[in-house]
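Participant: What would the 3D arrangement of this be:
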Amino acid sequence: MSEPLIRTIDLWKTYEMGSEEIHALHDVSLQIQRNEYVAIMGPSGSGKSTLMNLIGCLDTPTQGQYFLNGKLVSEMPDDELAYIRNQEIGFVFQTFNLLARATALQNVELPLIYSGMPATQRREQARQALERVELGDRLTHRPNELSGGQRQRVAIARALVNDPSIILADEPTGNLDSRTGLEILAVLDKLHQQGNTILLVTHEPDLAQHAHRIIHLFDGRVQEDELVGVRA
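Facilitator: Take a look at the predicted model:
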């Protein structure tokens, strides 16, 4: 079998609160292959946000190893982690995190500005990403001119624009009504079918069922790792 896209070995994250140590993650070892659609699920305080931050290179483990695309990122300095975040990981958050005064196209361009891409190429790549989420006719609209679902599609296009190894979606339907939420999940399903690796962080069982594998966390440990079947 080929090298997994994500491999964690005995991952721990410990926080010091005064004289007390809080173990947010205990000894988490897992592997995720390319083009998997995986949900990380658990109640509040289970460690899923901590694990997402480690996989997304937003934080580093207290001990253990994390390999992304065969690279040992758990021991990289901050500047290298920032580069990995920009090149390898596309983030989709519950709160969209769009710039209010920027157009949809300008919001999607942002990761490409940080990577130093020339403006003409940058705009074309951002336009293509917006077309992939069916917003090719909303390039010049600002967030206040878009619905909640359209804003989240802009956020997904921004996550896609660098052609990352992973799309990391943290409660992506949390601020949306149920019908719009299903539309966003359909977008993620389509992107998975096109070859993207999706990591969905959620506490909602019905959302997790859209993935093909569910990793259940409880008290910072992997409680269960189940396959839920591949859908047509």
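Participant: Pull up the per-residue confidence for the closest residue to Thr95 other than its chain neighbours.
Facilitator: Among residues not flanking Thr95 along the chain, Asn175 sits closest, at 6.5 Å (Cβ to Cβ, 6 or more residues apart in numbering). Where C-beta positions appear, they are placed from N, C-alpha and C, glycine not excepted. Looking at Asn175, its pLDDT stands at 92.
Participant: what sits against Asn175?
Facilitator: Applying Cβ atoms under 8 Å, 6 or more residues apart in numbering to Asn175 gives the contacts 94-96, 148, 152.
Participant: one more time with 10 Å
Facilitator: Asn175 sits next to 93-96, 148, 151-152, 181 when contact means Cβ atoms under 10 Å, 6 or more residues apart in numbering.
Participant: any idea which of the residues you listed has the most stuff around it?
Facilitator: Using other Cβ atoms under 10 Å as the neighbour test, the contacts of Asn175 are led by Gln152, with 29 neighbours.
Participant: Helix or strand for Asn97, just tell me which one.
Facilitator: Using DSSP states H and E, Asn97 falls within no helix or strand.
Participant: Tell me how far the nearest residue to it once chain neighbours are set aside lies from Leu188.
Facilitator: Spatial nearest neighbour of Asn97, chain neighbours left out: Ala155 (6.7 Å); criterion: Cβ to Cβ, 6+ apart. Applying Cβ to Cβ, to the nearest Å, the value for Ala155 to Leu188 is 12 Å.
Participant: that older thread, just read off the phi/psi values of the residue nearest to Thr95.
Facilitator: Dihedral pair for Asn175: phi -100, psi 20, per degrees, to the nearest 10.
Participant: Kindly provide the distance from it to Tyr37.
Facilitator: Using Cβ to Cβ, Asn175 is found at 22 Å from Tyr37.
Participant: What of Val28?
Facilitator: Counting by Cβ to Cβ, the gap from Val28 to Tyr37 is 20 Å.
Participant: what's the answer for Gly47, then?
Facilitator: Gly47 is 21 Å from Tyr37, by Cβ to Cβ.
Participant: beta partners for the residue nearest to the spatial centre of the chain?
Facilitator: Nearest residue to the geometric centre of the chain (Cα atoms, centre = their mean): Leu168, 0.8 Å. Leu168 forms beta bridges with Phe91, Leu199, as assigned by DSSP bridges.
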